[in-house]
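>>> how would this look folded up:
(one chain, ligands or ions: 1)
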Amino acid sequence: MTTLLFSHPVFQRHEVPPGHVEHAGRYAAVDEALRAEEFAALDRRLAPLATPEQIELVHAEQYRLAIEEAAPEAGLAQLDADTFMGPSSLEAALRAVGGACAGVDAVFAAGASGAAANAFVASRPPGHHAEPLRAMGFCLFNTAAIAAIHARSHGAKRVAVLDFDVHHGNGTQAAFWDDENAFYASSHEWPQYPGTGRAEDRGAFDNIINAPLATGEGSEVFRRAWGEILLPALSDFDPDCIIISAGFDAHHADPVGRLKLDEADFSWATTEIAAIAKDKASGRLVSVLEGGYDLAALAASAAAHVKALIAA
Ligand SMILES: [Zn+2]
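Modelled structure (predicted):
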């Protein structure tokens, strides 16, 4: 089993205003953690640029062009209350998507030769709040949703995104709502930004499963939601490829989320998802970084997550 790591220096350059929680130091913290000796076996690759066709798997052409148009040559452009673009942001967002799609290409190629592989994309900006027609919540393009739909270019029919970020992935839910063969499962704090993700929101084909967790809850409630609701639903869906929206802001040290998970919970969820990937999807699993705003907790959580991917 080889685990691929997609990264790129531009992920550290994506500009935000001073004091913004989604800052360059996040990439540096994850990058440094994944340079430890125990990650020497990672197959490291530079994330390529996404093609316009890949972006348009989820976003309308007019939206893609508007984001290109909004990219400033200097300074910052503001897209919503907390979503910004600087001169490097468009390239960063395109390489996040390109890395995730290349990860999908690699796990399908590996599957053909019998050696299952998985991949982690250590990118910023995050993506799961980006809707088909709207940037929001630090996100420009919906990396995870695009990577999932991209798997169909390899013959996958049924694709799944699993999301344990402390925030609900409203963008992924919106992208998948009417797609009977696209599955989205999320655990998230409730109430919390962006205010979507009620348990009764299940998609047009019962293809969306939301597990809102009350503020202050921790490991026990998280593992019960995944073990009793989300993972069995994933298994029943019988995916051909799985994408993880790996946000680590449900960590107890996180300044934005108010759930009380720790690294072991992320490691557990990763191992459980990877087992279903093996069972149902020939091991095809690609994970993309979403949130996580305490640098030490983010670094430790991403390391635990990638260790679980390597061990899968
Ligand atoms: Zn988040």
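>>> Relative to the ion, how far out is Gly291?
Here Gly291 is placed at a distance of 3 Å from the ion (Cβ to the ion, to the nearest Å). C-beta: built from backbone N, CA, C; applies to glycine.
>>> what about that residue, helix or strand, and which?
Element membership of Gly291 [criterion: DSSP states H and E] is none; it lies in no helix or strand.
>>> Pull the contacting residues for it.
The neighbourhood of Gly291, defined by Cβ atoms under 8 Å, 6 or more residues apart in numbering, consists of Glu22, Pro126, Phe138, Asp165, Val166, His167, Gly247, Phe248, Asp249, Val256, Gly257.
>>> Tell me the confidence at it?
Taken from the predicted model, the pLDDT recorded for Gly291 is 98.
>>> And for Ala115?
53.
>>> quick one: Phe108 and Val286 touch, right?
No. Phe108 is beyond contact range of Val286, at 10.1 Å (criterion: Cβ atoms under 8 Å).
>>> How many neighbouring residues does the residue lying closest to Ile149 once chain neighbours are set aside have?
Residue nearest to Ile149 in three dimensions, not counting chain neighbours: Leu57, with 4.2 Å by Cβ to Cβ, 6 or more residues apart in numbering. By the other Cβ atoms under 10 Å criterion, the neighbourhood of Leu57 contains 20 residues.
>>> go on, Gly227?
When neighbours are defined as other Cβ under 10 Å, Gly227 has 13 of them.
>>> same deal with the one 3 residues further on?
The tally of other residues near Leu230 (other Cβ under 10 Å) stands at 22.
>>> Ok, Ser235 next?
As a burial measure, the neighbour count of Ser235 was computed by other Cβ under 10 Å and equals 13.
>>> hey, where'd the strands end up in the stretch 201-312 of the chain?
Ranges of strands in the stretch 201-312 of the chain, per DSSP state E, counting those that start in this stretch, are 208-214, 241-246, 285-289.
>>> is the ion contacted by the helix or strand hosting Ile149?
Per DSSP H and E, Ile149 falls inside helix 143-150. No. For helix 143-150 and the ion, the contact criterion (Cβ under 5 Å from the ion) is not met; the two come no nearer than 12.4 Å.
>>> more neighbours, Phe108 and Val286?
Neighbours were counted for Phe108 and for Val286 using other Cβ under 10 Å; Val286 has more, 32 against 20.
>>> Please list the residues of this structure that sit near the ion.
By Cβ under 5 Å from the ion, the residues of the chain that approach the ion are Asp165, His167, Gly247, Asp249, Gly291.
>>> Let me know the closest of these to the ion.
Of all those, the ion sits closest to Gly291, with 2.8 Å by Cβ to the ion.
>>> Walking through the stretch 51-200 of the chain, point out its strands one by one.
With strands called from DSSP E, counting those that start in this stretch, the stretch 51-200 of the chain shows them at 77-80, 83-85, 117-121, 159-163, 182-190.
>>> export the ones you listed to JSON lines and tack on mean neighbour count?
As requested, these are arranged in JSON lines below (neighbours: other Cβ atoms under 10 Å):
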{"stretch": "strand 77-80", "mean neighbour count": "16"}
{"stretch": "strand 83-85", "mean neighbour count": "23"}
{"stretch": "strand 117-121", "mean neighbour count": "28"}
{"stretch": "strand 159-163", "mean neighbour count": "29"}
{"stretch": "strand 182-190", "mean neighbour count": "26"}
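>>> Figure out which of these is closest to Glu53.
Smallest distance to Glu53 across the strands of the stretch 51-200 of the chain (Cβ to Cβ): 16.8 Å, for strand 159-163.
>>> pLDDT of that closest one, averaged?
When the per-residue pLDDT values of strand 159-163 are averaged, the result is 98.
>>> residues contacting the residue of the chain most remote from its centre?
Among residues of the chain, the one most distant from the C-alpha centroid is Ala74; the distance is 28.3 Å, by Cα atoms, centre = their mean. Contacts for Ala74 were tallied using Cβ under 8 Å, 6+ apart; they are Pro87.
>>> for the helix or strand of the chain at the bottom of the mean pLDDT ranking, packing partners?
With mean pLDDT, DSSP states H and E as the measure, the helix or strand of the chain carrying the lowest mean pLDDT is helix 89-113 (a mean of 92). Other helices and strands packing on helix 89-113, by 3 or more Cβ pairs under 8 Å, 6 or more residues apart in numbering; DSSP states H and E, are strand 2-7, helix 10-13, helix 52-55, helix 61-70, strand 117-121, helix 143-150, strand 241-246, strand 285-289.
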